[in-house]
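Trainee: the sequence isn't on hand, but the structure is:
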C-alpha cells in the first residue's frame, strides 16, 4: 500500500504507523532542518531558521542533520511489522534488503554503479553532524566515487520498523551550513560526498514501488 502525504516534516516524523507493510511518499510543504534523535537544538541557529521560515524538527531515528526543501528530494517511509520475514534483529544488517531495492530502482532511472554499503559506519566529524556526510550499513553509494545517493535511517518500536529513505535532487551544503552554529570545516569539504539525481520524484517513487512489487514486498 502506497500513501502520498502532503504535510510538514514535523507531522510526518510524529506519525505512528500501523504494523503492516506500507510505503509513504512524503511531499513536504515547508523547508525543514531535521535533527537526529540524539542531536540537541543548540546545534541550530534558531534565528537564521526563523528568518528563513525553516521548520526545525527532531526525528525519532538516529543520525545527523538533514536539510529538506519542497521538491528538492525524494522522501519515502517504508514500514514492515515485527512479524515480517524481512525483519532482521541485527541492526547492522537490517537495512541491506532495502538498499538492494534502491539499487535496482536507481538503475531503472539511470543511476548505474550503485551499491549497498555493507561495511561498518563510515564517519567523521562532518558525518556526526550531517547525515549525508557519512555512510551507514544498508545505505547506497555510487561505486565510482563512493558518494552517497540514498540515506536511510531506521526507527524500531515493539510492533514495527520504519525506514526513512531520502534521495536528493539538489545537494548544496553551503545553503544549510549557515543554519548550524558550529561546523567542522568549510561546507565545500562535503560537496563531493553526495550524488544528487536528475530523475523526477515521481519517476524515482514509481521505480522503488515497482521493485517492491517485483520482489513481492507490495501487492
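Mentor: Yes, it's here. The shown structure was predicted, so the numbers you read here are calculated from the model rather than taken from an experiment.
Trainee: which non-adjacent residue is nearest residue 10?
Mentor: With Cβ to Cβ, 6 or more residues apart in numbering as the criterion, residue 10 has its nearest non-adjacent residue at 4.6 Å, and that residue is residue 57. All C-beta spots, glycine's among them, are computed from the backbone N, C-alpha and C.
Trainee: now the strands: where do they sit in the protein?
Mentor: Under the criterion DSSP state E, the chain carries strands at the ranges 2-7, 22-28, 32-35, 55-58, 66-68, 73-81, 114-116, 140-142, 148-156, 160-168.
Trainee: can you list these in JSON lines and add mean pLDDT and mean neighbour count?
Mentor: Formatted as JSON lines, the strands of the chain follow (pLDDT from 0 to 100; neighbours: other Cβ atoms under 10 Å):
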{"stretch": "strand 2-7", "mean pLDDT": "96", "mean neighbour count": "13"}
{"stretch": "strand 22-28", "mean pLDDT": "98", "mean neighbour count": "20"}
{"stretch": "strand 32-35", "mean pLDDT": "98", "mean neighbour count": "23"}
{"stretch": "strand 55-58", "mean pLDDT": "97", "mean neighbour count": "18"}
{"stretch": "strand 66-68", "mean pLDDT": "99", "mean neighbour count": "23"}
{"stretch": "strand 73-81", "mean pLDDT": "98", "mean neighbour count": "22"}
{"stretch": "strand 114-116", "mean pLDDT": "98", "mean neighbour count": "18"}
{"stretch": "strand 140-142", "mean pLDDT": "98", "mean neighbour count": "22"}
{"stretch": "strand 148-156", "mean pLDDT": "97", "mean neighbour count": "22"}
{"stretch": "strand 160-168", "mean pLDDT": "98", "mean neighbour count": "22"}
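Trainee: put together TSV for the ones you listed, with distance to residue 207 on each row.
Mentor: What follows is the strands of the chain, written out as TSV (distance: least, Cβ to Cβ, whole Å):
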stretch	distance to residue 207
strand 2-7	13
strand 22-28	12
strand 32-35	24
strand 55-58	27
strand 66-68	20
strand 73-81	10
strand 114-116	12
strand 140-142	13
strand 148-156	12
strand 160-168	11
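Trainee: what's the closest of these to residue 106?
Mentor: strand 114-116 (4.6 Å; Cβ to Cβ).
Trainee: returning to what we had before: do you know which of the strands of the chain lies nearest residue 201?
Mentor: Judging the strands of the chain by Cβ to Cβ, what sits closest to residue 201 is strand 73-81, at 5.2 Å.
Trainee: out of the strands of the chain, the one nearest residue 13 is which?
Mentor: Going by Cβ to Cβ, the one of the strands of the chain nearest residue 13 is strand 55-58, 5.7 Å.
Trainee: quick one: strands adjacent to the closest one?
Mentor: strand 32-35 (parallel) (DSSP bridges).
Trainee: returning to that earlier point: now do the same contact list for the residue nearest to residue 10.
Mentor: 8, 9, 10, 13, 32, 33, 34, 35 (Cβ atoms under 8 Å, 6 or more residues apart in numbering).
Trainee: without its sequence neighbours, what residue ends up closest to the residue nearest in space to the middle of the chain?
Mentor: Nearest residue to the geometric centre of the chain (Cα atoms, centre = their mean): residue 166, 3.0 Å. With Cβ to Cβ, 6+ apart as the criterion, residue 166 has its nearest non-adjacent residue at 4.7 Å, and that residue is residue 151.
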